[in-house]
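Peer 1: The sequence isn't on hand, but the structure is:
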Ligand SMILES: Nc1nc2c(c(=O)[nH]1)N[C@@H](CN(C=O)c1ccc(C(=O)N[C@@H](CCC(=O)O)C(=O)O)cc1)CN2
């Protein structure tokens, strides 16, 4: 068996073209969506992700607001930047690029974001709505990567009803929230969350129908560890040196050979990453649509 491809690039492109029409309609109504990004420090990967977000905005007609801040910014000064974006009417939604430097209290920053402008769906109010299952239909944003994974599966007609999903990694952007989405009645999967303290990972992998690997450990999952016909979503991204070229290259958590035994597999790059970017745009557009519907603009 060779896995069919869960093509994140093509799916994200389709979502972006659907969004162009919604952005045009909002613009006609006088509500031009504007995405703000807050980037602290000079991590090249974070710079590249933020650059990609603004490129996407330009493609669909969303305005861009960019705050690039020094790595030694104080908690107080960063909070002042958050307050300014909360108050800026041109910014209809924004994100704080993670991770933040160690001296910054990330949770305090996330809590300070106006929940109505929380384009990442990571404010406690919005995560709380996800727990309470009150954001159906979309009256609050969902975290981008979990939402992107669900959308990628839906648009490839991969049904998770009754399937056993093994999520590896307990981070706030992927591992923790995705179980809440996958266990909703509309999807009805059974989810196990594994992490660095999990003792029987090989046994769990051997029986999992679906694996969401978000550990950031290059090729930690090999072909011989998965179940035949599994669905594999490779979220983790590491930059490792290519022995042939000596250059750094992107490497996922799942060995590419696993495609020989899987039914479906998301490439990395080209799978979950582009979906994360697309779902951020969805959150920005939906926030602007909610503002119009509530007469706030
Ligand atoms: N505030 C947030 N911070 C971070 C998030 C997030 O959702 N919100 N997720 C990740 C980084 N991230 C978005 O911010 C992200 C990562 C990867 C990609 C992506 O498209 N990757 C490409 C390859 C990119 C490359 O060539 O370097 C792919 O998979 O094809 C998009 C967004 C952590 N921080």
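Peer 2: Done, it's in. Computed from a predicted structure; not experimentally measured. Residues are numbered from 1 along each chain as shown.
Peer 1: interface residues of the stretch 151-297 of the chain facing the ligand?
Peer 2: Residues of the stretch 151-297 of the chain lying close to the ligand by Cβ under 6 Å from any ligand atom are 173, 237, 250, 268, 269, 270, 273, 274, 276, 277. C-beta: built from backbone N, CA, C; applies to glycine.
Peer 1: And the furthest pair within those residues?
Peer 2: 173 and 270 (19.1 Å; Cβ to Cβ).
Peer 1: how deep is the closest residue to the ligand within the stretch 1-150 of the chain tucked in, by neighbour count?
Peer 2: At 3.6 Å from the ligand, residue 98 is the closest residue in the stretch 1-150 of the chain, using Cβ to the nearest ligand atom. Residue 98 has 16 neighbouring residues, counting by other Cβ atoms under 10 Å.
Peer 1: ditto for residue 108
Peer 2: Counted with other Cβ under 10 Å, residues neighbouring residue 108 total 12.
Peer 1: Test my guess that it contacts residue 75.
Peer 2: Yes: here residue 108 reaches residue 75: they are 7.1 Å apart, a contact under Cβ atoms under 8 Å.
Peer 1: So for stretch 86-104, first residue to last residue, what's the gap.
Peer 2: Start to finish, the residues bounding stretch 86-104 are 19 Å apart (Cα to Cα, to the nearest Å).
Peer 1: before we move on, what about stretch 132-147?
Peer 2: End to end - Cα to Cα - stretch 132-147 spans 16 Å.
Peer 1: Name the residues of it that come out as buried.
Peer 2: Across stretch 132-147, burial judged by 16 or more other Cβ atoms under 10 Å covers 135, 140, 141, 142, 143, 144, 145, 146, 147.
Peer 1: mind listing which of those residues are in strands?
Peer 2: In strands, judged by DSSP state E, none of the buried residues of stretch 132-147 are found.
Peer 1: Any chance of TSV for the residues you listed, columns pLDDT and distance to the ligand?
Peer 2: Below are those laid out as TSV (pLDDT from 0 to 100; distance: Cβ to the nearest ligand atom, whole Å):
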residue	pLDDT	distance to the ligand
135	67	17
140	93	16
141	96	11
142	96	11
143	97	7
144	98	5
145	98	5
146	98	9
147	97	10
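Peer 1: Which single residue of this structure ends up nearest the ligand?
Peer 2: As assessed by Cβ to the nearest ligand atom, the ligand sits closest to residue 273 within the chain, at 2.1 Å.
Peer 1: give the contact list for that residue.
Peer 2: By Cβ atoms under 8 Å, 6 or more residues apart in numbering, residue 273 lies in contact with 8, 237.
Peer 1: what residues are up against residue 57?
Peer 2: So, once contact is read as Cβ under 8 Å, 6+ apart, residue 57 ends up touching 35, 63, 64, 281, 284.
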